[in-house]
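1. Build me a model from this:
(chains A and B)
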2 protein chains.
Amino acid sequence: MSKNLGLTPRSESYSEWYNDLIQKAELADYSPVRGCMVIRPNGYAIWENMQRHLDDMFKATGHVNAYFPLLIPKSFLSREAEHVEGFAKECAIVTHHRLMNDPDGKGVVVDPEAKLEEELVIRPTSETIIWHSYAKWIQSYRDLPILINQWANVMRWELRTRLFLRTAEFLWQEGHTAHATWEEAEAETMQMVRVYQKFAEEFMGVAVLVGKKSEGEKFAGADHTYCIEALTQDLRCVQAGTSHHLGQNFAKAFDVQFQSQEGKLEYVYATSWGVSTRLIGTLVMAHSDDKGLVVPPRLAATQVAIVPIGRDDAARAATYPVSEQLAEELRELGYRGLPVRVRVDKREKETPGFKFNDWEMKGACIRVEVGPRDLEAGQLIVARRDTGEKVTIPLAGAAQAILEQLEAMQTALLEKNRALREANTHRLDRWEDFVRHFEGEGGAGFVLAHWDGTSETESKISEATKATIRCIPFEPLHPDDELPGRCVFSGEPSARRVVFAKAY
Amino acid sequence: MSKNLGLTPRSESYSEWYNDLIQKAELADYSPVRGCMVIRPNGYAIWENMQRHLDDMFKATGHVNAYFPLLIPKSFLSREAEHVEGFAKECAIVTHHRLMNDPDGKGVVVDPEAKLEEELVIRPTSETIIWHSYAKWIQSYRDLPILINQWANVMRWELRTRLFLRTAEFLWQEGHTAHATWEEAEAETMQMVRVYQKFAEEFMGVAVLVGKKSEGEKFAGADHTYCIEALTQDLRCVQAGTSHHLGQNFAKAFDVQFQSQEGKLEYVYATSWGVSTRLIGTLVMAHSDDKGLVVPPRLAATQVAIVPIGRDDAARAATYPVSEQLAEELRELGYRGLPVRVRVDKREKETPGFKFNDWEMKGACIRVEVGPRDLEAGQLIVARRDTGEKVTIPLAGAAQAILEQLEAMQTALLEKNRALREANTHRLDRWEDFVRHFEGEGGAGFVLAHWDGTSETESKISEATKATIRCIPFEPLHPDDELPGRCVFSGEPSARRVVFAKAY
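-> Purely as a prediction, here's the structure:
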C-alpha cells in the first residue's frame, strides 16, 4: 500500500487502477458539474505538449487556426439530417440570459423575462456553425481551399463518464476544410489521418491501427470516416482520432456553392478531423503501471527529475551545484530540438524515498540521483521510468547519456505497445470461437474476422458480444487478411477481414 | 474608395473605420449568435502570438497552466456577495440537457423531461469554480502557493457589443493564485500587472498607464484591482488588463483554510489576473490607419510580405528564386529568437497594386518588391507599413536590413503611442473646464484631476461627463501629480491627481 502510494494494482481492477492513477498522479479531478473534469497542471502539461506538436504538424501541412462561437442556434443542428440524429440529442442547452435575486430569499434564480427567442446549444462539434461562416466566405474557386483548424472546448451530455476517456466537456482540435473537388477533399481526409497516425506512433508511442470505419460507426453527417485505433493494456480499443470526408453534405445543408474555373456553380466538398483530451486517457491506458504514470519523453511534463541526496541538509545542499549544472546542461543540449524539461527536487521536508515514489507516480521519464559519495567517485545513478532499470554513469558526459536514455525510452514504449498488439491480435472464423473470445467483462484484443458488410450483421454481432467493428485497416496486418471469406456471423460472402474489439 | 479598398476614413467615422477594418483585414466576422464573433485566421494569428509570449512570461514567473470546467453551478455564483452582483446578472444559463424531435413537425425542440436540477451558468470568470477545487487541494502551507493560469473562453451577455472590444464570448487567460500571506498575494498582484505592462509596451507597442482602480471600478469580489490602461487614436481609453488582490474573500466563501507553519488554521489569500482578445481591438485602435491594419512586428501574423513583380508571368517567375531565398534567409536568421513570419506572394491573377493594398490592409509590417530590373541592379525595394516609407536597398545583406526595419518599426510604434498619450494628457482644476473638455461624443485623452476619494463624487462626475476614473497611477506622469489639492467636482481635499478618461 505505502509502496505504491495507494494505487489499486491493475491485476486487481484495471478500472480502479485507472481512476486512482488519474487522481494520484494529479492529472485530473472530478468537478461539481456532472461529467465535467478539472485538468490539473500535471495533466494539462501533457496536453500542451500534444497541442504544440500537433499544431506544428497542422501548420506544416498548410493549415491555419481560427475560432468560432461556442453557442450554436438550435435550428442549425437540424439542417443536416444525419448530423442532428448523431449530435442534437444529449447536449447542453442555453435557454436564458439572465439571473435575478430570488424574490423569496437568498441566492439567485433564472429571470423568466430573459428567455431567449431561439435556444442555443453548446457546440458538440462545430460543422454547422463553421459552414454557416464558410457560406459567407466562399464565392469562387479562388476562395478555395479553406484549411482551418480550431482548438476549443466542446460538450456532449454523456451518461457514463470516465476521466479523459469520456467526459461531458472535453478539449480538442477540430479541422474543417473546404475544397473544390471530391478528390482534393479525399486527399485531405487521408493526409490528416496519417498525421494522427504519425503523432500516435512517434510522440505517444502507440502503435495504432489505421483504417476506415464501417457505415455503422462513421461520423453522423460524413460520407466516410478514417480513424486511428489504439490498444490498451487491458486489451480494449480506444478510438483515438478520426478524419471525415463530409462530401457535399454540409455545403448542401448551408447552401455553399462556388463558381468553378469553368464558370459553373458547384457545391463545395468538406472534411473535418479531430483529436481530443481523450488522447491523455489513451496514453495512460497504454503505458502506465502500478507505480503510476508512464509517459513517452516527447510528451512528458517532466522528462528528467534530479533528486539531490545526503545524510543531512548540508550534505544534500552540497550536491545542488552539480544538480543545477546538469539541469542547465540538459536544457541547453535539448532533446529533439526543445529544452529538456528538467526539475531539480529541492523539497526539504521529504525523504529521497518519498521523492522517488512521487516522481514515479507523476511520470518523470528519468530520475537522476545525486549523492555525495557518488559525486566523489565522479558518478551518478540514473533510473528509467518504464523499465525501472537503474545504472551508474560517469558524471562526465552524463547529460548526453541521459538524452540517449530518453530516446531509448521513447522507442521502447512504441515497441512494447506494438508487441502487445501483435500478441493480442487473433483471427477467428467460427462464431462460437468469436463469442467465447469476447466473453467476460474485460478486453480481448483485436480480432480479425470476416463480415458480410451489412449494418444488420454489425449490430447483431455487437449485441451478442459487445465487440464492434473498429476499422477496415488500410494496411493488412497479414496479407491473407485481404483475401475473401465467409462472414463469421452470417456465413455470407465477405471481401476481407475487418477488425473487431471491445472499445472504451 | 478603390485606393483604400473601402475603409471609411478615421476622420469621417472612427467607429465605422474600426468595424470596416476588422472585417476587411479579415480579423473577425459577426456570427449568427448575438454578440459572439468568429475570429478569422488573420486575427487568430495575432492572438496566437500574444498567447505564446504571455505564456512564456507566465511560466518564467513560476506559473503552470490548467483547465477548469466551462459550466458553473448557479449557487456557486452567490457565495461571494459582491461577485454575484458583478457577474451573475447577464450570463448564459444552461437549463436542459437534451433536444428531441419536434412532435409537431420538422426540427428539434427542447425536451421538457431533460430539465437540470440546478441550472448551470457559462463561466463569466472562474473564481468560484476554481476555489471550489482549491478547497480540496489545500490543507497545509506545504500546498501553497498555487500558481495556476487558464487559457479559456468566457461569456458575459453584453447588451452593446463591438468586435474584439466587447463581445458576449471572448477568449482570455485568467490566473488564479493562492498564498499563505497577504504580502505574498500583494507581490503576485503587482508582479502580474507589471508583466502586463511589459507585454503592452514591448510587444504591443502601447504606452499604457499602470495604476490602481478606484473602489467604484475594481473587480467585483476584489480587495483592490491594478490595471493597465491604453490610449487609442480617437483619444479614448481601453482597460487592457487587470490584476486583482482578492484578499480572503473567496477563501471564506469556499471555506479554504490551511494549517500554517505555526500549526494554526488560516484562510488563504488569493489573486486573479487576466487579459483577453480585447487586446486585439486595443492594438487596432492604437496603431492602424486608413489603409488598414498596422501591427507591431513581434505580434504580426505576417512580418514580411515579398511581392515578385514582372511584366508577364515569365518575368515574374524569374524573380521567384531570389524571393524564396530571401524568405528562407529571413526564417533562418530569425527576429527576436523566432523564425521571421514571411510570405512570398505568388498569386497569379492579381496585379502588384492589388497585392500592395492587400498586404497593407492585412497588416504585413514590411513589403519587399522584387522586380527584374532591380535585381539586375542588385537591389530591392522595401516599404515599411507604419511610415509608408519606401527605400531601395542592396540585395546583398537585404535580410539583415529588413530585420533592422522590423526592429525600427517595433520601437517607432511605442514611441508614437507614447507621444500621443503625452500630447493628450491634460491637467484640469476647474469643473467648467473639465465638463467642457469631455463634451461631445468623441474621446478626449487623459485628464489628471483632483478627486475627493468618494464613490459618490466618482458617480456624479461620470454621470455628468461620461468620463470615469481609469486609475490612480503608480508612477506620476509629472511629480506634481502627487501633490494634494481640491476635488475638481466637490472642492473637498484631494490627496493627489487621478486619471479620468472616456473609456471603451
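2. buried stuff in the lengthiest helix in chain A?
-> Ranked by residue count and defined by DSSP state H, the top helix of chain A is helix A:398-423. Neighbour-count burial for helix A:398-423, counted by 16 or more other CB atoms under 10 Å in any protein chain shown, picks out A:398-399, A:401-403, A:405-406, A:409-410, A:413-414, A:416-418, A:420-421. For the C-beta atoms, the positions are set from N, CA and C on the backbone; glycine is no exception.
3. what's the answer for stretch A:130-150, then?
-> Of all the residues in stretch A:130-150, those buried under the rule 16+ other CB under 10 Å are A:130-135, A:137-138, A:141, A:144-150.
4. Can you name the element that comes right after the longest helix of chain A?
-> Later in the chain than helix A:398-423, the nearest helix or strand by DSSP states H and E is strand A:425-427.
5. Which secondary structure elements does the helix or strand hosting residue A:243 sit against?
-> Assessed by DSSP H and E, residue A:243 sits inside strand A:237-247. On a contact count with 3 or more CB pairs under 8 Å, 6 or more residues apart in numbering or on different chains; DSSP states H and E, strand A:237-247 meets helix A:182-202, strand A:224-231, strand A:269-276, helix A:278-287.
6. Kindly reformat the ones you listed as TSV containing mean neighbour count and mean pLDDT.
-> Shown next, in TSV, are the helices and strands packed on strand A:237-247 (neighbours: other CB atoms under 10 Å in any protein chain shown; pLDDT from 0 to 100):
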stretch	mean neighbour count	mean pLDDT
helix A:182-202	20	98
strand A:224-231	26	98
strand A:269-276	26	98
helix A:278-287	26	98
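7. Where in chain A is the helix or strand with the lowest mean pLDDT?
-> The least trusted helix or strand in chain A, going by mean pLDDT, DSSP states H and E, turns out to be helix A:81-87, with a mean of 78.
8. doesn't residue A:435 make contact with residue A:464?
-> Yes: using CB atoms under 8 Å, residue A:464 makes contact with residue A:435 at a distance of 6.4 Å.
9. out of these two, which sits in the more crowded spot?
-> Taking other CB atoms under 10 Å in any protein chain shown, residue A:464 and residue A:435 do not tie; residue A:435 has more neighbours (16 against 13).
10. ok, and the closest non-adjacent residue to that one?
-> residue A:465 (5.8 Å; CB to CB, 6 or more residues apart in numbering or on different chains).
11. quick check: domain ranges of chain A?
-> Chain A breaks down into these domains under automatic domain parsing: A:14-287, A:304-408, A:425-501.
12. And those: which comes nearest residue B:224?
-> domain A:14-287 (25.6 Å; CB to CB).
13. helix or strand right after the host helix or strand of residue A:93?
-> Secondary structure assigned from DSSP H and E places residue A:93 in strand A:90-101. Using DSSP H and E, the helix or strand that directly follows strand A:90-101 along the chain is strand A:108-110.
14. what does that next one contact?
-> Contacts with strand A:108-110, where a contact means CB atoms under 8 Å, 6 or more residues apart in numbering or on different chains, come from A:96, A:98-103, B:74, B:77-78, B:84, B:88, B:93, B:95, B:119.
15. just the buried members of those?
-> Applying 16+ other CB under 10 Å to the contacts of strand A:108-110 flags A:96, A:98, A:99, A:101, B:74, B:77, B:78, B:84, B:88, B:93, B:95, B:119 as buried.
16. what's the nearest residue to the fourth one if we skip its chain neighbours?
-> Okay, so that is residue A:101. That would be residue A:108: by CB to CB, 6+ apart, it lies 6.1 Å from residue A:101.
17. low-confidence ranges in chain A?
-> Applying pLDDT under 70 to chain A flags residues A:1-5, A:88.
18. show me the contacts for the residue nearest the centre of chain A.
-> Centroid-nearest residue in chain A, with CA atoms, centre = their mean: residue A:279, separated by 1.5 Å. By CB under 8 Å, 6+ apart, the contact set of residue A:279 is A:50, A:204, A:240, A:241.
19. So the second one: helix, strand or coil?
-> Just to be clear, that refers to residue A:204. Secondary structure assignment for residue A:204 (DSSP: H, G, I helix; E, B strand; the rest coil): coil.
20. The helix or strand where residue A:326 lies to helix A:398-423, inter-axis angle?
-> Residue A:326 is part of helix A:320-333 when elements are defined by DSSP H and E. Angular relation of helix A:320-333 and helix A:398-423 on a 0 to 180 degree scale: 60 degrees, by axes from the mean of the first three to the mean of the last three CA atoms, to 10 degrees.
21. Run the chain-centre distance for helix A:320-333.
-> With CA atoms, centre = their mean, to the nearest Å as the basis, helix A:320-333 stands 32 Å off its chain's centre.
22. Could you measure from the nearest residue to residue A:329 once chain neighbours are set aside over to chain B?
-> Leaving out its chain neighbours, the residue that sits closest to residue A:329 by CB to CB, 6+ apart is residue A:399, at 4.3 Å. Distance of residue A:399 to chain B, computed by CB to the nearest CB, to the nearest Å: 22 Å.
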